[in-house]
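Enquirer: give me the fold of what follows.
(2 chains)
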Amino acid sequence: MRKVSGLSRFNIASLTLGLAFLYLPILILVIYSFNASRLVTVWGGWSLRWYHEFFNDRAMIEAAWMSLKVALASATMATLFGTLAAVALSRGERFVGRTLFSGMLYAPLVMPEVITGLSLLLLFVALNAERGFWTVTIAHTTLTMCFVAVVVQSRLGSLDRSLEEAAMDLGCNPVRAFVAVTLPLIAPSIVAGWMLAFTLSLDDLVIASFTTGPGSATLPIRIYSEVRLGVKPEINAICTLVIGLIAVVIVVASLASKLSSEQGESAAPL
Amino acid sequence: MSSRRIFARPARLAAIAPYVWMVLFFLVPFGFVLKIALSQTAIAQPPYEPLFDLAAGWDALEAAFGALSLDNFRLLASDDIYVFAYVRSLTVAVTATALLLVIGYPIAYGMARLPSRWQAVAMVLVIVPFWTSFLIRIYAWINILQHDGLLNQILLMLHLVSQPVVWLSTDSAMYIGIVYSYLPFMILPLYATLAKMEPALEEAAGDLGAPPWQVFWLVTFPLSLPGVGAGVLLCFIPIVGEFVIPDLLAGSNSLMIGQTLWLEFFTNKDWPVASAAAIVLLAVLLVPLLLYERLQKRQLEQGR
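Expert: As a prediction, this is how the structure comes out:
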């Protein structure tokens, strides 16, 4: 007997193997960060030794701090610009240069980072800008606002437009209708967009390498130069901390968006 | 006048700030890449001949246009290293994308068959690794693949091999890294089309006597082609220009174009050649990029 709908054994096997493939390497990395042994492959019992080492590593801490600042600043700017872009694309109907606009927004999503990084660096050099925090932040904003725009735009596309139209028929001007009706409904996607921008910025190695200046390395740049020399338990500890931070951001943001979508649902049947 | 059209006017104004930003920081920089690709290498800081100085007036501008040269592009075409790098990038990208499709399809298919409550959970589970750092995920594999790493320990324990196998600095390690990093990009668009598919179509084909593999090839797969297209482009384009994965996992005897560009730029400080390499890379990717743009636009603007 063959069942077309429902799960076959093949389906279950491919799902299990697929998820194991995605999660096991990260799990192993996290476990080995608590390894007491200096040899990465020999288990020497549980220990927080490598975390201690990290917190005494001034250069690493400085790089981590730099990355956090860049991620916070660029994610916030990217969310602002990306949301504006999404509103223009999904509600602006036709306007001059629309095709160019959407083209510029979608291309960075897949554009190899070596190209984006190199081109931005050449711009900064031509402008004689001092390279460091601001140049990396501008570069990350440019990349991540495109992701924010796509996330918010897909939410705006699925939204019932009659809600904002009703608000306008009841006397709201467009800006007020947007702030009172549309904005609360797309808030979860704006939060998701910010998170995505934050983690992408925290993660980026290539664009940051091109656009940063001497003395202001980000965390991925430091990790990369260490990793090239081989596996070090301290790097496992740093990676675990980054994973932990991202996990906290995801949990907080998904709670926040759940809260606001519940409010959204209670507002919807008006 | 409908309220929809009244709403559109301030919505259009919202485009101004992001528009200016993208022109300034995305479009204009390409002009600089082109300009420097056409200029001469110099031992200076920054390391290229300044092409023109607007303050010097029209004559200088004319002289500058005379000085434009295709030398850097000629170098790229004549030096085997670059030609090989482009060929290798395309080969790696095609192979890896094919692997991703073969591995990602059954997973996406399994997800689409789950009860709808579990589908949401599975989707989150596929997305979450995408949020953890790219570099960290590659590093995780270095842990596993190194000489006395977990993979070799397991293989030795099971007596599948008698000596540790060299994994790092090989193409297999690179393919593992690429498949691992890009898998969510392949699964999600595939899942999106498979989940929307009408199960009755497959059932009908089965009822009419088609064996399962025929149901798959004649019904399921053709209907999922939009998802296949999106997944393939989403993986293929960035893999061609990939730098981090081949640099950390593959051997250094044959380089991908992203690596040669990086090397020219950071090690040899040859900015003009690096820029020319970027222009050629962009030209290679132009068609897939345009296809991707069309797909993305259609998907976002029709609403799902």
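
Enquirer: point out where chain B drops to low pLDDT.
Expert: For chain B, applying pLDDT under 70 flags the ranges B:1, B:40-68, B:302-304.

Enquirer: wait, what's in contact with residue 177?
Expert: No chain in the question, so chain A it is. A:164, A:167-168, B:7 (Cβ atoms under 8 Å, 6 or more residues apart in numbering or on different chains). Heads up, the C-betas are built off the backbone N, CA and C, glycines and all.

Enquirer: I was thinking of chain B, sorry if that wasn't clear
Expert: B:138, B:141, B:245, B:248-249.

Enquirer: got a quick PyMOL command for the buried subset of those?
Expert: Selection command for PyMOL covering only the buried members of the contacts of residue B:177, criterion 16 or more other Cβ atoms under 10 Å in any protein chain shown:
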select buried, chain B and resi 138+141+245+248+249
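
Enquirer: what does the stretch 151-300 of chain B put close to chain A?
Expert: Residues of the stretch 151-300 of chain B found near chain A (Cβ under 8 Å from any Cβ of the partner chain) are B:153, B:180, B:183-184, B:187, B:199, B:202-203, B:206, B:212, B:215, B:233-234, B:237-238, B:240-244, B:248, B:258, B:261-262, B:265-266, B:271, B:274-275, B:278, B:281-282, B:285, B:289, B:292-293, B:296-297, B:300.

Enquirer: about what we covered before: closest to residue B:149 out of the contacts of residue B:177?
Expert: The closest of the contacts of residue B:177 to residue B:149 turns out to be residue B:141 (Cβ to Cβ; 9.1 Å).

Enquirer: which strands and helices sit next to the helix or strand harbouring that closest one?
Expert: Using DSSP states H and E, residue B:141 maps to helix B:134-145. Here helix B:134-145 touches helix A:9-32, helix A:219-227, helix A:233-267, helix B:150-157, helix B:171-196, helix B:244-249, going by 3 or more Cβ pairs under 8 Å, 6 or more residues apart in numbering or on different chains; DSSP states H and E.

Enquirer: out of the residues of the stretch 151-300 of chain B next to chain A, which end up buried?
Expert: Of these, these count as buried by 16+ other Cβ under 10 Å: B:180, B:183-184, B:187, B:202, B:206, B:215, B:233-234, B:237-238, B:240-244, B:248, B:258, B:261-262, B:265, B:271, B:274-275, B:278, B:281-282, B:285, B:289, B:292-293, B:296-297, B:300.

Enquirer: what sits against residue A:23?
Expert: Residue A:23 neighbours (Cβ under 8 Å, 6+ apart): B:125, B:129.

Enquirer: let's verify the residue nearest to residue B:3 when sequence neighbours are not counted: helix, strand, or coil?
Expert: Nearest non-adjacent residue to residue B:3, counting by Cβ to Cβ, 6 or more residues apart in numbering or on different chains: residue A:168, 4.1 Å away. Going by DSSP: H, G, I helix; E, B strand; the rest coil, the secondary structure assigned to residue A:168 is helix.

Enquirer: and residue A:168, how many neighbours?
Expert: Counted with other Cβ atoms under 10 Å in any protein chain shown, residues neighbouring residue A:168 total 19.

Enquirer: can you give me the distance of it to residue B:202?
Expert: For residue A:168, the distance to residue B:202 (Cβ to Cβ, to the nearest Å) stands at 45 Å.

Enquirer: residue A:166 now?
Expert: In this view, residue A:166 and residue B:202 are 41 Å apart by Cβ to Cβ.

Enquirer: residue B:109 too?
Expert: 11 Å.

Enquirer: what residues are shared contacts of those two?
Expert: Counting by Cβ under 8 Å, 6+ apart, the contacts common to residue B:109 and residue B:202 are residue B:220.

Enquirer: state the pLDDT value of residue A:17.
Expert: Note for residue A:17: predicted pLDDT of 90.

Enquirer: what about it, neighbour count?
Expert: Applying other Cβ under 10 Å, we find 14 residues neighbouring residue A:17.

Enquirer: tell me the spacing between it and chain B.
Expert: Residue A:17 is 8 Å from chain B, where distance means Cβ to the nearest Cβ, to the nearest Å.

Enquirer: let me know whether stretch B:100-107 sits next to chain A.
Expert: Yes: judged by Cβ under 8 Å from any Cβ, stretch B:100-107 and chain A are in contact via B:103, B:106-107.

Enquirer: correct me, but residue A:121 touches residue A:210?
Expert: Yes: with contact defined as Cβ atoms under 8 Å, residue A:121 reaches residue A:210; the gap is 4.4 Å.

Enquirer: can you list the weak-confidence ranges in chain A?
Expert: The model of chain A has pLDDT under 70 over residues A:1-6, A:40-41, A:257-270.

Enquirer: buried sites along the helix ranked longest in chain B?
Expert: Identified as the longest helix of chain B according to DSSP state H is helix B:80-113. For helix B:80-113, burial by neighbour count (16+ other Cβ under 10 Å) applies to B:82, B:85-86, B:88-90, B:92-93, B:96-97, B:99-101, B:103-113.

Enquirer: which other helices and strands contact it?
Expert: Contact partners of helix B:80-113 among helices and strands, from 3+ Cβ pairs under 8 Å, 6+ apart: helix A:9-32, helix B:71-78, helix B:116-131, helix B:171-196, helix B:225-240, helix B:257-262, helix B:271-302.

Enquirer: please repeat the previous calculation with a cut-off of 6 Å.
Expert: Judged by 3 or more Cβ pairs under 6 Å, 6 or more residues apart in numbering or on different chains; DSSP states H and E, the packing partners of helix B:80-113 are helix A:9-32, helix B:171-196, helix B:225-240, helix B:257-262.

Enquirer: how about those helices in TSV, adding distance to residue A:231?
Expert: TSV is the format used below for these (distance: least, Cβ to Cβ, whole Å):
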stretch	distance to residue A:231
helix A:9-32	9
helix B:171-196	14
helix B:225-240	25
helix B:257-262	21
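
Enquirer: and for the residue of chain A found nearest chain B, the neighbour number?
Expert: Nearest residue of chain A to chain B, counting by Cβ to the nearest Cβ: residue A:112, 2.2 Å away. A count of neighbours around residue A:112, defined by other Cβ under 10 Å, yields 24.

Enquirer: give the contact list for the closest residue to it other than its chain neighbours.
Expert: Nearest residue to residue A:112, sequence neighbours excluded (Cβ to Cβ, 6+ apart): residue B:241, at 2.2 Å. By Cβ atoms under 6 Å, 6 or more residues apart in numbering or on different chains, residue B:241 lies in contact with A:112, A:114, B:258, B:281.
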